[in-house]
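Colleague: whatever this is, show me its structure:
(2 chains)
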Amino acid sequence: MADEHDIARYRRWYRKLLRFYSRPYRERFAEGMEQTFNDLCRERAEAGDGLVGFVLWMFAETSAGIIRENGRSIVMQNKSITHIALVTGLILLIPLFGNLFMGWNWPAFAFPFWGALLFGTGLTYELIARKGGTIAYRAAVGIACATGFVLVFINAAAGIIGDGPVNLMYLGVLAVGFVGALIARFEARGMALALFATAVAQMLVPVIALVIWKAGWQDLLIDPNSPHPPFDPGIAPVFGLNAVFVMLFVGSALLFRRASANRL
Amino acid sequence: MKQVETDSQGKVKMGPGTLYGSLGRMIDAGLIRESNKKVDPKMDDERRVYYKITGLGQKALAAELERYRDVVAVAREKRLSPNAFIYGYGR
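Modeller: Numbering: from 1, shown residues only, chains lettered A, B, ... in the order given. Below is the predicted model:
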């Protein structure tokens, strides 16, 4: 009877120790490890052998395993960061060669700007995607990050709705997604809602811009010195381009929902 | 874990930290995978998880055994033993 109490207590402590493993590792093995620990303790108690020394050895052995696995995870993480930096560098070689040999005219500040943006997008993907583990979750994070990157790219390069400050509303769209993801703590179910909200925000941007145009607040829509009319090259193409982004955000949300269903 | 201890005549003592870490690495490397097949229905327990060696795992095992055989063959050929003298030049 005393052994039963002791084993239950050791098992509780062992469960607490297992919390030091990374989450994906815990999800895979913690239950099995705890059960194995419990079975071994029972066998030992039934054989009439002492438990304290054995439990201490098990705790030391598992602690060494935790250090090993977490160290391995840090090495893998650094490898991923190196890969992202390498890919960023390779992509930036394209405009560099364009400037050198093909008469492109990328300004010098554009390189660190796009480099930081590309690296940041890759890092965001890597940090969030590893929290999920399922293919659907990773794909959802990939689509959301890539869509966000392209949205910033198009706006910085040309602007979706004319070339006025109204395009800054798209930063608000990304902020909706970012804040939503933080509130959801990157859990698949909450991420699905965050991405649906992002899609709605994306859909509202051209509608608000249209209202601004009809209200006659032209300065908000276009730069006063711009030769382009508002909603250049037309209302339908602007709404069409927005619809593509909306669909991508909705696609990402659906994948997150699928990832959340798989986990249940 | 008990099998490892028995096979090594008590020289290797393995705990859950080492066992599950090894399982994780072998799964990630594609050497083993979870299997639904139950080995012995009498011994079966709902919670028990079985793992099966994959084709890649079999190839890796064969290559590793071959490596060990080669090392032993070289040792035999050179008549190496732990008590053999190693000659060197100094001073």
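Colleague: any idea how far chain A is from the residue most central in space within chain B?
Modeller: Taking Cα atoms, centre = their mean as the criterion, B:Leu61 is the residue nearest the geometric centre of chain B, at 8.3 Å. Applying Cβ to the nearest Cβ, to the nearest Å, the value for B:Leu61 to chain A is 22 Å. All C-beta spots, glycine's among them, are computed from the backbone N, C-alpha and C.
Colleague: now the residue in chain A that chain B sits nearest to: which helix or strand?
Modeller: Residue of chain A nearest chain B, by Cβ to the nearest Cβ: A:Gly65 (2.4 Å). Using DSSP states H and E, the element containing A:Gly65 is helix A:52-101.
Colleague: residues of chain A that sit close to chain B?
Modeller: Contact residues, chain A versus chain B (Cβ under 8 Å from any Cβ of the partner chain): A:25, A:28-29, A:31-33, A:35-37, A:40, A:57-58, A:61-66, A:68-69.
Colleague: cutoff 6 Å now
Modeller: Within reach of chain B by Cβ under 6 Å from any Cβ of the partner chain, chain A has these residues: A:29, A:33, A:35-37, A:58, A:61-62, A:64-65, A:69.
Colleague: quick one: which two of the residues you listed are the most distant?
Modeller: Spatially, the most separated pair among those is A:Gln35 and A:Ala64, at 20.2 Å (Cβ to Cβ).
Colleague: angles on the backbone of the residue in chain B that chain A sits nearest to, please.
Modeller: Proximity of chain B to chain A (Cβ to the nearest Cβ) peaks at B:Gly17, 2.4 Å away. In terms of degrees, to the nearest 10, the main-chain angles of B:Gly17 are phi -60, psi -40.
Colleague: contacts only, for it.
Modeller: By Cβ atoms under 6 Å, 6 or more residues apart in numbering or on different chains, the residues touching B:Gly17 are A:61-62, A:64-65.
Colleague: about what we covered before: any of the residues of chain A next to chain B buried? List them.
Modeller: Taking 16 or more other Cβ atoms under 10 Å in any protein chain shown as the criterion, what is buried in those is A:29, A:33, A:35-37, A:58, A:61-62, A:65, A:69.
Colleague: and those as a markdown table, adding pLDDT?
Modeller: A markdown table is the format used below for these (pLDDT from 0 to 100):
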| residue | pLDDT |
| --- | --- |
| A:Phe29 | 91 |
| A:Met33 | 93 |
| A:Gln35 | 91 |
| A:Thr36 | 91 |
| A:Phe37 | 93 |
| A:Met58 | 93 |
| A:Glu61 | 94 |
| A:Thr62 | 94 |
| A:Gly65 | 93 |
| A:Glu69 | 89 |
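Colleague: could you list the low-pLDDT ranges of chain B?
Modeller: Low-confidence regions of chain B, defined by pLDDT under 70, span residues B:37-46, B:82-91.
Colleague: contact residues of it facing chain A?
Modeller: B:15-17, B:20-21, B:47.
Colleague: swap in 10 Å and give it another go.
Modeller: Contact residues (Cβ under 10 Å from any Cβ of the partner chain) of chain B with chain A: B:1-2, B:13-25, B:27-28, B:45, B:47-49.
Colleague: now intersect the residues you listed with the helices, please.
Modeller: Mapping the residues of chain B next to chain A onto helices (DSSP state H) picks out B:2, B:16-25, B:27-28.
Colleague: just among these, which is most surrounded?
Modeller: The residue in those with the most neighbours, by other Cβ atoms under 10 Å in any protein chain shown, is B:Gly17 (25 neighbours).
Colleague: any idea how far that residue is from A:Gly50?
Modeller: As judged by Cβ to Cβ, to the nearest Å, B:Gly17 and A:Gly50 stand 21 Å apart.
Colleague: same check, this time on A:Leu123
Modeller: If you measure A:Leu123 against A:Gly50 using Cβ to Cβ, the figure is 50 Å.
Colleague: next one: A:Val87
Modeller: Distance from A:Val87 to A:Gly50, by Cβ to Cβ: 56 Å.
Colleague: okay, the two: which has more neighbours?
Modeller: Taking other Cβ under 10 Å, A:Val87 and A:Gly50 do not tie; A:Val87 has more neighbours (13 against 9).
Colleague: contacting residues around that one?
Modeller: Taking Cβ atoms under 10 Å, 6 or more residues apart in numbering or on different chains, we find A:Val87 in contact with A:118-119, A:122.
Colleague: what's the answer for B:Gln58, then?
Modeller: Going by Cβ under 10 Å, 6+ apart, B:Gln58 touches B:Leu31.
Colleague: which secondary structure element contains B:Arg33?
Modeller: strand B:32-35.
Colleague: which is the next helix or strand following that strand?
Modeller: Downstream of strand B:32-35 (by DSSP H and E), the next one is strand B:50-53.
Colleague: what are the buried residues along whichever helix or strand comes after that following strand?
Modeller: Downstream of strand B:50-53, the first helix or strand assigned by DSSP H and E is helix B:55-77. The neighbour-count check on helix B:55-77 (16+ other Cβ under 10 Å) flags B:57, B:60 as buried.
Colleague: contacts only, for the nearest residue to B:Pro16 once chain neighbours are set aside.
Modeller: Spatial nearest neighbour of B:Pro16, chain neighbours left out: A:Met33 (4.3 Å); criterion: Cβ to Cβ, 6 or more residues apart in numbering or on different chains. For A:Met33, the contact set (Cβ under 10 Å, 6+ apart) comprises A:14-15, A:17-18, A:21, A:25-26, A:58, A:62, A:65, B:15-17, B:19-21.
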